[in-house]
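> Fold the following, please.
(2 chains)
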Amino acid sequence: MPMRLATWNVNSLKVRLPQLLGWLQTNPVQVICLQETKLVDERFPVAELAAAGYRAVFAGQPTYNGVAILWRTDTGWEARDVTVGNPLFPDEQQRLISATLGELRVTCAYVPNGQAVDSDKYRYKLRWLDALVQWLRDGLAAQPRLVVAGDYNVAPEDRDVHDPAAWAGQVLCSDPERERFRALLALGLHDAFRMFDQPAGSYSWWDYRQLGYQKNKGLRIDHLLVADVLAPAVRACRIDRAPRKLEKPSDHAPVIVELDG
DNA sequence: ATGGCAGGTACGACCTGA
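Residues are numbered from 1 along each chain as shown, chains lettered A, B, ... in the order given. Sure thing, here's the model as predicted:
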């Protein structure tokens, strides 16, 4: 039976919970990774999600960041080997959580934004990505059935950018960031979205300002990377723009991958 | 060249995001 896994930067789970619950009703994915929950763990909506048929593991902090992995209760899965953060990169910012669900190892990542090339935040982003590559290399060897889902804050190629000339060298598009993304692929991970023909102008994020969505001035920065051993099972991958059209949307759209088995 | 929109914190701006 097909299995669906999604990733969505919700930009505040408190604000977006009704939209998430609505989306899960029409898109009953087995697993969804969330970023930018912006909730301390005490406020995580465990009961509301349970009522909607989902369980969750999560790692939050006040105001910023925060990640979670949700899975359908009717799968019968228990989350195993839950890991918060990267043991190779001690970090107060809650940007990474991993769990084994059924036969799948799932990592949910909220990669730092980087703010501006040559800023401290940018250097932190590159170090963070270097450490992720290093950690996933070992992780893949131990648990090859890996999916790394999240907001990478990297547009891997110019075709992932609405205006490549304007964005050239800027944060999210700079060569050092793209090199790190390619280093992830070189571990034996595949960008599920690019395993298929896709429409030109496919993006997962649009600026709230200047009618960014209406003009499709976007970037594709949310990705689902699947390991070599899983790649033959990938049936489809798409971005769902529907939630971006709602009132008070997240600036990101969910990305969904469908796997056999 | 700049700011524009949104969320959080906390009630007045400021930080961060992408």
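> Which secondary structure state does the closest residue to A:Glu157 other than its chain neighbours sit in?
Nearest residue to A:Glu157, sequence neighbours excluded (CB to CB, 6 or more residues apart in numbering): A:Arg178, at 7.6 Å. Quick note: C-beta positions are derived from backbone N, CA and C, even for glycine. Following DSSP: H, G, I helix; E, B strand; the rest coil, the label given to A:Arg178 is helix.
> Now do A:Arg178 against DNA strand B, distance only.
A:Arg178 sits 15 Å away from DNA strand B, going by CB to the nearest atom of the strand, to the nearest Å.
> my read: that residue touches A:Val154, true?
Yes. Using CB atoms under 8 Å, A:Arg178 makes contact with A:Val154 at a distance of 6.4 Å.
> So if I had to pick from the two, which one is more boxed in?
Neighbour tally, A:Arg178 and A:Val154, criterion other CB atoms under 10 Å: the higher count belongs to A:Val154, 26 against 17.
> how about the strands of chain A, start to end?
With DSSP state E, the ranges of strands along chain A come out as A:3-9, A:31-35, A:54-59, A:67-72, A:80-84, A:96-101, A:104-110, A:146-151, A:189-191, A:205-206, A:218-219, A:222-227, A:234-239, A:255-259.
> Which residue of chain A lies farthest from its centroid?
Centroid-distance maximum for chain A: A:Ala165 at 25.7 Å, with CA atoms, centre = their mean.
> from the chain's centre, how far out does whichever helix in chain A runs longest sit?
Determined from DSSP state H, the single longest helix within chain A is helix A:120-142. The chain centroid and the centroid of helix A:120-142 are separated by 15 Å under CA atoms, centre = their mean, to the nearest Å.
> does any part of that helix sit near DNA strand B?
Yes. Judged by CB under 7 Å from any atom of the strand, helix A:120-142 and DNA strand B are in contact via A:Lys121.
> how about the closest residue in space to A:Leu129 that isn't next to it in sequence, what does it touch?
Distances taken as CB to CB, 6+ apart put A:Arg180 closest to A:Leu129, at 3.8 Å, once the chain neighbours are dropped. Shown in contact with A:Arg180 (CB atoms under 8 Å, 6 or more residues apart in numbering): A:Leu126, A:Leu129, A:Asp130, A:Val133, A:Val154.
> hang on, the first one packs against A:Ser174?
No. A:Leu126 is not in contact with A:Ser174 according to CB under 8 Å; the separation is 9.4 Å.
> For those two, indicate the residue with more neighbours.
With neighbours defined as other CB under 10 Å, A:Leu126 and A:Ser174 compare such that A:Ser174 has more, 20 against 16.
> Next one: that one relative to A:Trp71, how far apart?
Separation of A:Ser174 from A:Trp71 (CB to CB, to the nearest Å): 35 Å.
> Enumerate the residues of the stretch 101-250 of chain A near DNA strand B.
A:112-113, A:115-116, A:121, A:151, A:153, A:171-172, A:205, A:207-210, A:219, A:221, A:248.
> burial measure for the one residue in the stretch 51-200 of chain A that gets nearest to DNA strand B, as a count.
Nearest residue of the stretch 51-200 of chain A to DNA strand B (CB to the nearest atom of the strand) works out as A:Asn113 at 3.3 Å. As a burial measure, A:Asn113 scores 15 neighbours (other CB under 10 Å).
> Once you drop chain neighbours, what's closest to it?
In space, and not counting its chain neighbours, A:Asn113 is closest to A:Asn153: 5.2 Å by CB to CB, 6+ apart.
> from memory that neighbour sits against A:Gly114, does it?
Yes. Using CB under 8 Å, A:Asn153 is in contact with A:Gly114, at 6.4 Å.
> shared neighbours of the two, anything?
Both A:Asn153 and A:Gly114 are in contact with A:Lys125, A:Leu172, A:Glu177, where contact means CB under 8 Å, 6+ apart.
> so what's the second one up against?
Neighbouring residues of A:Leu172 by CB under 8 Å, 6+ apart: A:Asn113, A:Gly114, A:Asn153, A:Val154, A:Ala155, A:Leu219, A:Ile221.
> Can I get the residues you listed in a markdown table including pLDDT and distance to A:Met3?
Shown next, in a markdown table, are the contacts of A:Leu172 (pLDDT from 0 to 100; distance: CB to CB, whole Å):
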| residue | pLDDT | distance to A:Met3 |
| --- | --- | --- |
| A:Asn113 | 97 | 31 |
| A:Gly114 | 97 | 33 |
| A:Asn153 | 98 | 27 |
| A:Val154 | 98 | 26 |
| A:Ala155 | 98 | 27 |
| A:Leu219 | 98 | 28 |
| A:Ile221 | 98 | 24 |
